[in-house]
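S.K.: Mind folding the following:
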Amino acid sequence: MERYTTDSKRKINIEETDKGLILREASFEPSHIFECGQCFNFHKEEDGSYTAVFLGKIINVLKLDEGVSLIRNISLEDFNEIFYDYFDLGLDYDAIKKEVAIDPVMEKATAYGYGIRILNQEVFETTISFIISANNQIPRIKKAVRIISERYGDYIGEYKGRKYYSFPRPEVLMKVKPEDLREYARVGFRDKRIVEASRMIYEGQLDGASKLDTEDLRKKLMELPGVGPKVADCILLFAYHRRETFPVDVWIKRVMETLFIKKEVPKKQVDDYARKYFGKNAGYAQQYLFYYGREEKIGK
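M.R.: You can find the predicted model right below:
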């Protein structure tokens with residue numbers, strides 16, 4: 001499946017030590033990255049570190065100090081080949097935050113979530129994960145993704161006493177009985193949608209999709225069962241690097257109404273307002289606002 005890669009190779013400060021890789025990057029805070037609602041295939045360890053699975057690799061990230069992180073279980077070669085793009089390290093987020101901080105609210109939001117980086121995730125896993133996310137809560141989404149991986153993915157290895165599995169391929173998931181997904185992964189009404197979407201993707205629904213402009217790609221994604229406007233925007237933002245998109249869920253709607261619009265309006269109006277106000281940086285703004293709003297319980 002497709003994944004975003006960049007031709008830009010911005011120089012980063014990373015060194016190999018006997019304890020792991022030491023990454024010095026001011027705009028890199030593991031808790032901000034993994035707790036801002038953009039991904040579900042990770043586990044928070046007792047030491048406060050985060051273990052995630054991507055492209056068959058198990059990576060562990062621990063904050064050591066402000067702007068300093070320890071990267072474990074990954075070679076420097078694999079980090080440069082796979083996780084440089086995954087963590088969007090080709091972009092200077094200090095510069096992005098300056099562009100996004102266009103008013104006092106966004107100054108607070110970008111300062112609060114200073115270490116957020118938007119992950120560049122694999123298309124199929126992202127699509128199925130956000131189909132599961134519809135009208136769902138993050139702990140349940142994470143559990144469903146974990147069970148689907150354990151039952152239908154390939155065993156990768158063990159880290160800190162926990163076994164990890166890859167997310168299954170489309171040709172595997174499309175053959176799963178919907179009732180099994182409902183029973184074991186507790187995906188509810190999303191069971192048939194997951195199987196059918198997997199079949200459509202396997203048969204080529206998204207082949208060459210990255211070459212489409214954003215609106216055409218959004219329409220193509222919304223042909224998949226279980227993919228409405230919000231889920232499509234999440235896939236665009238987190239798998240296709242379309243940073244001008246602004247996914248609107250219940251939480252971000254409340255945050256926008258409370259901090260910007262000052263009244264309750266339809267989701268479409270929130271979306272239109274955000275795209276016009278934030279422009280090409282709407283996706284970054286959404287992540288800073290989502291994290292800031294959820295952690296501070298704004299609009300609740």
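S.K.: quick one: contacts of the helix or strand containing residue 268?
M.R.: If you go by DSSP states H and E, residue 268 is part of helix 267-278. Contact with helix 267-278 is made by 100, 102, 229-230, 233, 244, 246, 248, 252-253, 256-257, 260-261, 265, 282, 284-286, as judged by Cβ atoms under 8 Å, 6 or more residues apart in numbering. Every C-beta, even on glycine, is put in place using the N, C-alpha and C of the backbone.
S.K.: and that helix, what's its mean pLDDT?
M.R.: The predicted model assigns helix 267-278 a mean pLDDT of 95.
S.K.: Stretch 252-260 now?
M.R.: 95.
S.K.: Quick one: end-to-end length of that stretch, please.
M.R.: With Cα to Cα, to the nearest Å as the measure, stretch 252-260 spans 11 Å from end to end.
S.K.: buried sites along it?
M.R.: Of the residues in stretch 252-260, 252, 253, 254, 255, 256, 257, 258, 259 count as buried by neighbour count, 16 or more other Cβ atoms under 10 Å.
S.K.: Kindly reformat the residues you listed as TSV and extend each row with secondary structure and distance to residue 121.
M.R.: Shown next, in TSV, are the buried residues of stretch 252-260 (DSSP: H, G, I helix; E, B strand; the rest coil; distance: Cβ to Cβ, whole Å):
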residue	secondary structure	distance to residue 121
252	helix	19
253	helix	23
254	helix	25
255	helix	23
256	helix	24
257	helix	28
258	helix	29
259	helix	27
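S.K.: Return the closest of the residues you listed with respect to residue 74.
M.R.: Set against residue 74, the nearest of these by Cβ to Cβ is residue 252 (32.0 Å).
S.K.: Surely that closest one and residue 292 touch.
M.R.: No. Residue 252 is not in contact with residue 292 according to Cβ atoms under 8 Å; the separation is 10.6 Å.
S.K.: In this protein, which residue is most central in space?
M.R.: In the chain, the C-alpha nearest the mean C-alpha coordinate belongs to residue 38, at 2.9 Å (Cα atoms, centre = their mean).
S.K.: residues in contact with it?
M.R.: Residues near residue 38 by Cβ under 8 Å, 6+ apart: 118, 119, 121, 234, 237, 238, 287.
S.K.: Surely the second one is within a strand?
M.R.: Pointing back at residue 119 there. No. Per DSSP: H, G, I helix; E, B strand; the rest coil, residue 119 lies outside any strand segment and is coil.
S.K.: Can you name the residues in contact with stretch 182-193?
M.R.: Identification of contacts with stretch 182-193 by Cβ under 8 Å, 6+ apart yields 131-132, 134, 140, 143-144, 147-148, 151, 178-179, 181, 194, 225-226.
S.K.: Please repeat the previous calculation with a cut-off of 7 Å.
M.R.: Residues outside stretch 182-193 that contact it (Cβ atoms under 7 Å, 6 or more residues apart in numbering) are 131-132, 134, 140, 144, 147-148, 151, 178-179, 181, 194, 225-226.
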